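Undergrad: coords below, sequence missing:
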DNA sequence: AATTATTTTGAACGCTGTTCATAATTATGG
DNA sequence: CCATAATTATGAACAGCGTTCAAAATAATT
């Protein structure tokens, strides 16, 4: 599909508009289904029924169900990112220095925690979904996820000013991964679903302790 | 299936022996398949072919493929546990006190990391596999996983002697989860597969920093 | 209005895990 | 040791999945 159909000019064709509407409806339905029944609840036939089209119609506007999942996941990541920027912007006239940086780190981590706890299924879909063997994730997808690591790099700069950017990136990734791990296992029913306050306490504790440790390590 | 078949006495019956052999063969084959092709590569028909039996025969010795997966996962957890005890036993005449405790924590975390890196697929299967909706994991499964948290509680006792057991348990779980998170995201090809030395550095860094922070927090 | 291009359709395909009537095998009793 | 009963192995058949594709319906063009 390199070239557009010949009939498509600058203005939308009737068919093109229908096409877009159908795609949007499918993404919406998929999003709702994932949140309600998880990734495994997403079925082509049921999706077609919900949207009011034939099964085959799905594959006119979307190459795969995977394609649909990626689109939903991209939305989820965007929403998560919005939450993180909001959490980051909340602190402006805070204490500067180490305590301020620690505070920002904790806020970011808690924002992540709250998002995951509130939209568990959609959030899990981002990590649970793996591309069918042979194919690989779209390019933008990896970038979308890696970008989130950047959010904690800035506070880290205050915490360990002398670190090289590369090292700071590594530490940021570690910190994000650690928080992610706590949330993943904390929301796992298979293990034991932790109540949200406990989860928040865990995250706060870990980020605070790690941050303190990092600062101390840098100071000496 | 509450009662055994009437024909089974104290000594093994011919059929019973075949039964056990088939089950073992299936578990072995499943284990190899999972390590080679991941959880998604496990197919009933292919399994039957590898073991040399009919598809239906599988369901004579195993209720589900899920059942098989749980058995393989139990093996994996047992092997992991063996690695952890070994790592814990390595340190005997080490420095006592905080430094010793930190060292033990780092060793445990690295043992976990190495295990995951070496047997990535089987290790992932433990966390990736979720029971089909309606059913739930066997009782022993949760216990098997939770038991691993206990391994870090002892070193924590040296680090924060005055903590109540419940709090120590929470911190232990947090620490394990954090390390788990680093390893999970570090081994994710979808994100960017980190080379093992980098992974070990990340883990060492985090555990050391967190441990230091925890000790400092306890001291003040 | 007639012709051509496009899109929508749902039966059909290939692949899953799982079942079940039937065949083969094993255990039992005379 | 064979005849009968109980058990086990078999693989075709079933239900459900994602995906395709010839044909019908619709839209665009002449």
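TA: Yep, that arrived. Computed from a predicted structure; not experimentally measured. Numbers count the residues shown, from 1 in each chain, chains lettered A, B, ... in the order given.

Undergrad: now residue A:184: closest residue in space, sequence neighbours ignored.
TA: Distances taken as Cβ to Cβ, 6 or more residues apart in numbering or on different chains put residue B:181 closest to residue A:184, at 6.4 Å, once the chain neighbours are dropped. From N, CA and C alone the C-beta is placed, and that goes for glycine too.

Undergrad: that neighbour and DNA strand C, how far apart?
TA: Distance, residue B:181 to DNA strand C, using Cβ to the nearest atom of the strand, to the nearest Å: 30 Å.

Undergrad: need the contact list for that residue.
TA: A:177-182, A:184 (Cβ atoms under 8 Å, 6 or more residues apart in numbering or on different chains).

Undergrad: among those, which are in strands?
TA: Cross-referencing these against strands under DSSP state E gives no overlap.

Undergrad: would you turn the residues you listed into CSV with pLDDT and distance to residue B:26?
TA: Converted to CSV, the contacts of residue B:181 look like this (pLDDT from 0 to 100; distance: Cβ to Cβ, whole Å):
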residue, pLDDT, distance to residue B:26
A:177, 97, 36
A:178, 98, 38
A:179, 98, 39
A:180, 97, 35
A:181, 98, 33
A:182, 98, 36
A:184, 97, 30
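
Undergrad: closest to DNA strand D out of those?
TA: Nearest to DNA strand D among the contacts of residue B:181, counting by Cβ to the nearest atom of the strand, is residue A:184 at 24.7 Å.

Undergrad: burial check on that closest one, number of neighbours?
TA: Neighbours of residue A:184 under the rule other Cβ atoms under 10 Å in any protein chain shown: 21.

Undergrad: how about residue A:53?
TA: The burial count for residue A:53: 16, using other Cβ under 10 Å.

Undergrad: do you know how far the residue nearest to it when sequence neighbours are not counted is from residue B:41?
TA: Counting by Cβ to Cβ, 6+ apart, residue A:53 lies nearest to residue A:22, which is 6.4 Å off, once chain neighbours are set aside. As for residue A:22, its distance to residue B:41 is 34 Å (criterion: Cβ to Cβ, to the nearest Å).

Undergrad: give me the distance between the residue positioned nearest the centre of chain A and residue B:60.
TA: Most central in chain A under Cα atoms, centre = their mean is residue A:77, positioned 3.2 Å from the mean C-alpha point. Applying Cβ to Cβ, the value for residue A:77 to residue B:60 is 46 Å.

Undergrad: which one's more surrounded, residue A:22 and residue B:41?
TA: Legend: neighbour count by other Cβ under 10 Å for residue A:22 and residue B:41, higher for residue A:22 (18 against 13).

Undergrad: wait, does the longest helix anywhere in chain A contact DNA strand C?
TA: The helix spanning the most residues in chain A, taking DSSP state H as the definition, is helix A:65-90. No - applying Cβ under 7 Å from any atom of the strand, one finds helix A:65-90 separated from DNA strand C by no less than 12.4 Å.

Undergrad: phi, psi for the closest residue to DNA strand C within chain A please.
TA: Proximity of chain A to DNA strand C (Cβ to the nearest atom of the strand) peaks at residue A:56, 1.7 Å away. Backbone dihedrals for residue A:56, given as degrees, to the nearest 10, come out at phi -60, psi -30.

Undergrad: next one: residue A:134
TA: Dihedral angles (degrees, to the nearest 10) for residue A:134: phi 110, psi -60.

Undergrad: relative to residue B:45, how far out is it?
TA: In terms of Cβ to Cβ, residue A:134 sits 20 Å off from residue B:45.

Undergrad: also residue A:112?
TA: From residue A:112 across to residue B:45, the span is 42 Å (Cβ to Cβ).

Undergrad: between these two, who's got more neighbours?
TA: Just comparing residue A:112 and residue B:45: by other Cβ under 10 Å the higher neighbour count belongs to residue A:112, 24 against 10.

Undergrad: got a list of what the more buried one touches?
TA: Here residue A:112 is in contact with A:80, A:83-84, A:176, A:179-180, A:183 (Cβ under 8 Å, 6+ apart).

Undergrad: number of nearby residues for the nearest residue in space to residue A:73 that is not next to it in sequence?
TA: Computed as Cβ to Cβ, 6+ apart, the closest residue to residue A:73 that is not its neighbour in sequence is residue A:126, at 4.8 Å. Counted by other Cβ under 10 Å, the residues lying close to residue A:126 total 22.

Undergrad: residue A:126 against residue A:74, yeah?
TA: No - under the criterion of Cβ atoms under 8 Å, residue A:126 makes no contact with residue A:74, lying 9.1 Å away.

Undergrad: can you name the element that comes right after the longest helix of chain A?
TA: helix A:97-118 (DSSP states H and E).

Undergrad: what about that next one, distance to the chain center?
TA: Between the centre of helix A:97-118 and the centre of its chain there are 16 Å (Cα atoms, centre = their mean, to the nearest Å).

Undergrad: helices or strands up against the helix or strand just after that helix?
TA: Of the helices and strands lying after helix A:97-118 in sequence (DSSP H and E), the nearest is helix A:120-128. Contacts defined by 3 or more Cβ pairs under 8 Å, 6 or more residues apart in numbering or on different chains; DSSP states H and E place helix A:120-128 against helix A:14-37, helix A:65-90.

Undergrad: that's all I had, so thanks and see you.
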